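1. Fold the following for me, if possible:
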Amino acid sequence: MQVNPQEPSPPKAARPGYQASLVLLGLIGLCCGVELVLIAADHGLLGTPRWRRLAYQNGAFWAGLLYNWRPNYDAQPWLMFVTYAFLHSGFGHLAGNMLTLFFLGHIAQERVGQRGLAALYAVSVIGGAAAFAAMTSSPQPMVGASGALFGLAGAWQYWEWRDRVRAMRRTWPVWRTVLGLIFLNAVLWVWMDGLLAWETHLGGFIAGWVGAVALRRMGKG
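-> Residues are numbered from 1 along each chain as shown. Have a look, this model is predicted:
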């Protein structure tokens, strides 16, 4: 947001944006902190290389825990619906997700503010995990913030669609973006030999779109 340097915004007008930035920076900081500790452990700079395996065993999303697998602790089948989103598979995975979060997070906080961003992120994380649980048959663990990121993308595209409908403009650019995301997932799925958790992306996108609708009905966005 730009302001006239001759007419500076009063403190009360600037405060909400600052708080919203703290939510975004907090999410990025938590994801980065966890992964950087694990990277340091991988290289023997901190703790032990076993830390990553332990983190995945206790925090990743394991679909089998919803069936007949034995959890490491009683709350694991429930907590993994959230904890998976703060684990990553390496620096490249982390960097790509955090750059995307920075971009989409700013869009969301400009539209719905601090609480809206936090709500959309949480709903998308859980929605992505729920879709993965419902559709996957993979025994592999699932980690990463991409479910939440696709949720923020879903909210963004809902806002774009709604604004265009209200302005009586063509909505094709929105559907073109959706088709582009589908194509991107298909390409990545092939490139990653089927290890892409596209179910999480789909669930996150739908949850983010629905979450944005709910926020609008609550008078936000």
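2. pLDDT wise, what is S137 at?
-> Note on S137: pLDDT of 87.
3. quick one: it from W159, how far?
-> 35 Å (Cβ to Cβ, to the nearest Å). C-beta: built from backbone N, CA, C; applies to glycine.
4. who has more neighbours, these two?
-> It is W159, of S137 and W159, that has more neighbours when counted by other Cβ atoms under 10 Å, with 20 against 6.
5. Next, the contact list for the more buried one, please.
-> R111, A212, G221 (Cβ atoms under 8 Å, 6 or more residues apart in numbering).
6. Only the buried residues of whichever strand or helix holds it, if you could.
-> Per DSSP states H and E: W159 is located in helix 146-166. For helix 146-166, burial by neighbour count (16 or more other Cβ atoms under 10 Å) applies to 146-159, 161-162.
7. starting at the chain centroid, how far to it?
-> 13 Å (Cα atoms, centre = their mean, to the nearest Å).
8. same thing with stretch 59-71?
-> 21 Å.
9. Report the mean per-residue pLDDT for that stretch.
-> With pLDDT averaged residue by residue, stretch 59-71 scores 96.
10. Let me see the residues that make contact with that stretch.
-> With contact meaning Cβ under 8 Å, 6+ apart, stretch 59-71 is reached by 76-77, 79-81, 83-84, 86-87, 129, 132-133, 136-139, 141-143.
11. Mind giving me the ChimeraX command for buried ones among those residues?
-> The buried residues among the contacts of stretch 59-71 can be selected in ChimeraX (16+ other Cβ under 10 Å) with this line:
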select :76,77,80,81,83,84,86,87,129,132,133,136,141,142,143
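12. which residues in this protein form helices?
-> Using DSSP state H, the helices of the chain run over 11-42, 50-59, 76-83, 91-135, 146-166, 172-191, 198-217.
13. hey, least reliable of these by pLDDT?
-> When the helices of the chain are compared by mean pLDDT, helix 11-42 comes last with a mean of 80.
14. which residue is nearest the centroid of this protein?
-> In the chain, the centroid-proximal residue (Cα atoms, centre = their mean) is A148; its distance is 1.8 Å.
15. what residues are up against that one?
-> By Cβ under 8 Å, 6+ apart, the contact set of A148 is A85, L101, Y121, S124, V125, G128, G204.
16. ok, back up a step: output the helices of the chain in JSON lines; the columns should cover distance to Y67.
-> Formatted as JSON lines, the helices of the chain follow (distance: least, Cβ to Cβ, whole Å):
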{"stretch": "helix 11-42", "distance to Y67": "27"}
{"stretch": "helix 50-59", "distance to Y67": "17"}
{"stretch": "helix 76-83", "distance to Y67": "10"}
{"stretch": "helix 91-135", "distance to Y67": "10"}
{"stretch": "helix 146-166", "distance to Y67": "21"}
{"stretch": "helix 172-191", "distance to Y67": "24"}
{"stretch": "helix 198-217", "distance to Y67": "16"}
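17. and L25, how many neighbours?
-> Around L25 there are 12 residues (other Cβ under 10 Å).
18. where's P173 relative to D163, distance?
-> Separation of P173 from D163 (Cβ to Cβ) stands at 11 Å.
19. repeat for H88
-> Note on H88: its distance to D163, by Cβ to Cβ, is 33 Å.
20. Quick check: R52 touching D42?
-> Yes: using Cβ atoms under 8 Å, R52 makes contact with D42 at a distance of 6.0 Å.
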